[in-house]
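Novice: just to be clear, the model below is a prediction. Sequence and coordinates:
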Amino acid sequence: MEISPLLSLFGDMNQLDYVKLNFNQESVNMMNLAIAFIMFGVALSIRPGHFRSVFLNPKPVVLGAVSQYVILPALTYLLVLIIRPSTPVALGMILVSSCPGGNVSNLISSISKANITLSVSLTTITTIMSLIMTPFNFAFWGGLYAKHSPLLVPITIDPIEMFRTVFLILGVPVILGMFVGMKFPKFSKRMDKPIQTASVIFFIGFIVAALAGNFSIFLKYIHLIFLLVLVHNGLAFFSGYSLPKLLKVNERDCRTISIETGIQNSGLGLALIFNPRIFPPELNLGGMAMVAAWWGIWHIVAGLILASYWRKKQGNETPIAS
């Protein structure tokens, strides 16, 4: 495969192939509990009528799904064609871009004063769609890039696990949060900011914890993928904002779709990579795992920075139309 001149900016990524990350399922479960708490807090201000208005105007929902499952994987393929990273790194980028929106996006949307109801709806819809779209996009775009790579394996996503994600981590907390918000509106209004603050602290803690478990590895190899993930993630946020903006979607929904596209469920990507029934352990998965792991940390940092910017910008402007 021809080496791109741009690759010199990143260094020799082949050395990532033999990296072994510490992947702890218990940490993932704790993360899911934290997300459930966050979803409860986010849902305190949601009312059933908000969902009705979203589905009476399906254009942003459709564009959000297209942005995640069509535009982002296609742009990722173009990016890896230009940069020509090692095959495991390229397939890691393609796998992340094939995953659904991450649940952290709902918190980021809440902080940025975007459309929380649209965010929750898109997270739910794209998570369900991932049963088909994640395996399809990985096979299609990965096959175009590296058809004969042993890493290009058929991916299967457990529908029971997806149901658990949608129902337990999204559905139950949202229903409980909406119930409490409607039943105790004064309490909900008073607790809104403290819960949001606690949510951010939770996630900063998880970033630190995730980094600590593999700190020496990240310290040694981060220079190889930092700029790559930054560019890839920035492309996701930019394309997610630009597509609906070009099609005259309102600013609030453009921000929401941007966040949903830029915050990908890289945790699902890691779970797939470390599943021995999908990727045999004897394969050199370090490049794929490093991309997914660092994306999972970086997209939260980038999302919080972007949310803070949009929140501050909105504070200096007239309120955004719904």
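Specialist: Looks like it came in fine. Because the structure is a prediction, the values reported are computed rather than measured.

Novice: burial check on Lys245, number of neighbours?
Specialist: Close neighbours of Lys245, defined as other Cβ atoms under 10 Å, add up to 16. Where C-beta positions appear, they are placed from N, C-alpha and C, glycine not excepted.

Novice: wait, what's in contact with the closest residue to it other than its chain neighbours?
Specialist: Using Cβ to Cβ, 6 or more residues apart in numbering and skipping the chain neighbours, the partner closest in space to Lys245 is Cys254 (5.0 Å). The contact partners of Cys254, by Cβ atoms under 8 Å, 6 or more residues apart in numbering, come to Tyr241, Pro244, Lys245.

Novice: try it again with 10 Å
Specialist: Listed by Cβ atoms under 10 Å, 6 or more residues apart in numbering, the contact partners of Cys254 are 60, 63, 114-115, 240-248, 320.

Novice: one more: Leu91?
Specialist: Neighbouring residues of Leu91 by Cβ under 10 Å, 6+ apart: 80, 85, 138, 141-142, 145-146, 149, 151-153, 273, 285, 287-288, 291.

Novice: can you rerun that using 8 Å?
Specialist: With contact set as Cβ under 8 Å, 6+ apart, Leu91 has these partners: Phe138, Gly142, Tyr145, Ala146, Ser149, Leu151, Leu152, Gly287, Met288.

Novice: show the buried residues in these.
Specialist: Phe138, Gly142, Tyr145, Ala146, Leu151, Leu152, Gly287, Met288 (16 or more other Cβ atoms under 10 Å).

Novice: what comes up buried for the helix or strand hosting the first one?
Specialist: Just to be clear, that refers to Phe138. Secondary structure assignment for Phe138, by DSSP states H and E: helix 116-145. Within helix 116-145, the residues that count as buried by 16+ other Cβ under 10 Å are 116-131, 133-139, 141-142, 145.

Novice: and stretch 40-57, how far apart are its ends?
Specialist: Its start and end residues considered, stretch 40-57 measures 25 Å (Cα to Cα, to the nearest Å).

Novice: list the buried residues in it.
Specialist: Within stretch 40-57, the residues scored as buried using 16+ other Cβ under 10 Å are Phe40, Gly41, Val42, Ala43, Leu44, Ser45, Ile46, His50, Phe51, Val54.

Novice: pLDDT for these - can I get that in CSV?
Specialist: Converted to CSV, the buried residues of stretch 40-57 look like this (pLDDT from 0 to 100):
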residue, pLDDT
Phe40, 80
Gly41, 76
Val42, 73
Ala43, 77
Leu44, 78
Ser45, 74
Ile46, 75
His50, 69
Phe51, 76
Val54, 77
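
Novice: quick check: the farthest pair among the buried ones among the contacts of Leu91?
Specialist: Phe138 and Gly287 (14.9 Å; Cβ to Cβ).

Novice: report all helices and strands that the lengthiest helix in the chain contacts.
Specialist: Across the chain, the helix with the greatest residue count (assigned by DSSP state H) is helix 215-246. The contact analysis (3 or more Cβ pairs under 8 Å, 6 or more residues apart in numbering; DSSP states H and E) places helix 215-246 against helix 59-66, helix 72-83, helix 87-98, helix 251-262, helix 286-315.

Novice: need the ones you listed in CSV with distance to Lys193 and mean pLDDT, can you?
Specialist: CSV is the format used below for the helices and strands packed on helix 215-246 (distance: least, Cβ to Cβ, whole Å; pLDDT from 0 to 100):
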stretch, distance to Lys193, mean pLDDT
helix 59-66, 27, 94
helix 72-83, 32, 94
helix 87-98, 32, 91
helix 251-262, 20, 95
helix 286-315, 13, 86
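
Novice: out of these, which is closest to Lys186?
Specialist: If you check each of the helices and strands packed on helix 215-246 against Lys186 by Cβ to Cβ, helix 286-315 wins as the nearest, at 24.1 Å.

Novice: how about Ile278, phi and psi?
Specialist: Taking degrees, to the nearest 10, you get phi -100, psi -60 for the backbone angles of Ile278.

Novice: lovely, talk soon.
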